[in-house]
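>>> sequence-free structure coming up:
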């Protein structure tokens, strides 16, 4: 357990229980007390968020039927950029161990849905797309897995399409980011922008740590970029 000290020392809460607890227990070479009981505290802890991310990343990486060294390197660099050297090293060790175990994905997602607040689930989804796209390619099988994850963790279809569209470059994707139709009026677009800017504001996940808050700024920036492109195309201010 020593090599995962910073992950396991405290703050996992509900992640010690249920399917995630069993997976982490496997990775540590020990068995946690696994239970169907969940303990929702009203706010997601940093450690439970990161452990959930790593478990789900393992399934996304396996989506195309193989895990290659290049993918691990992409994930390593992503973690390093997002969470710093110490956390990324432990995250990668934990990921490698989890990749050796079959993950009951639907059960894991239901545990996340029942115990993680909605802004954290949105950020989790954005990070999964970011890691999948780390090599510049969103593999169809990976998109399918992330689509299932989004559904099972209780993210709405509109919010899923918004986050997914952040990784495509077209006017159509700009409208999807703002969750509006291209036929929407300028006033409707302005209203949608204000709503999405509030929904995806980095402060919504600030309690997860400054590093995760910074990754959330990318999502927030995509909302701003989509709005600016639509304004430029339509010629309104």
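Received the coordinates, thanks. Worth saying up front: this structure is predicted, and the values here are computed from it rather than measured.
>>> On the pLDDT front, check the spatially most central residue of the chain for me.
The centroid of the chain falls nearest to residue 124 when counting by C-alpha atoms, centre = their mean (1.9 Å). In this prediction, residue 124 carries a pLDDT score of 95.
>>> That one: what's it in contact with?
Applying C-beta atoms under 8 Å, 6 or more residues apart in numbering to residue 124 gives the contacts 49, 52-53, 56, 112, 116, 153. No exception for glycine: its C-beta is placed from N, CA and C like everyone else's.
>>> Can you tell me which of those residues has the most neighbours?
Among the contacts of residue 124, the one with the most neighbours (other C-beta atoms under 10 Å) is residue 112, at 28 neighbours.
>>> Would you agree residue 45 is in contact with residue 16?
No - the criterion here is C-beta atoms under 8 Å, and residue 45 misses it with residue 16 at 11.1 Å.
>>> roughly how far apart are residue 84 and residue 12?
According to C-beta to C-beta, to the nearest Å, residue 84 and residue 12 sit 19 Å apart.
>>> Have a look at these two and say which one is more surrounded.
residue 12 (21 against 12).
>>> my guess is that one meets residue 48, correct?
Yes - judged on C-beta under 8 Å, residue 12 makes contact with residue 48 at a distance of 5.4 Å.
>>> Looking at the protein, which helix is longest?
Ranked by residue count under DSSP state H, the longest helix found in the chain is helix 210-234.
>>> who touches that helix?
Counting by C-beta under 8 Å, 6+ apart, 46, 49, 82-84, 87, 122-123, 126-127, 130, 163, 166, 171, 173-175, 177-178, 186, 189, 193, 196-197, 200-206, 237 sit against helix 210-234.
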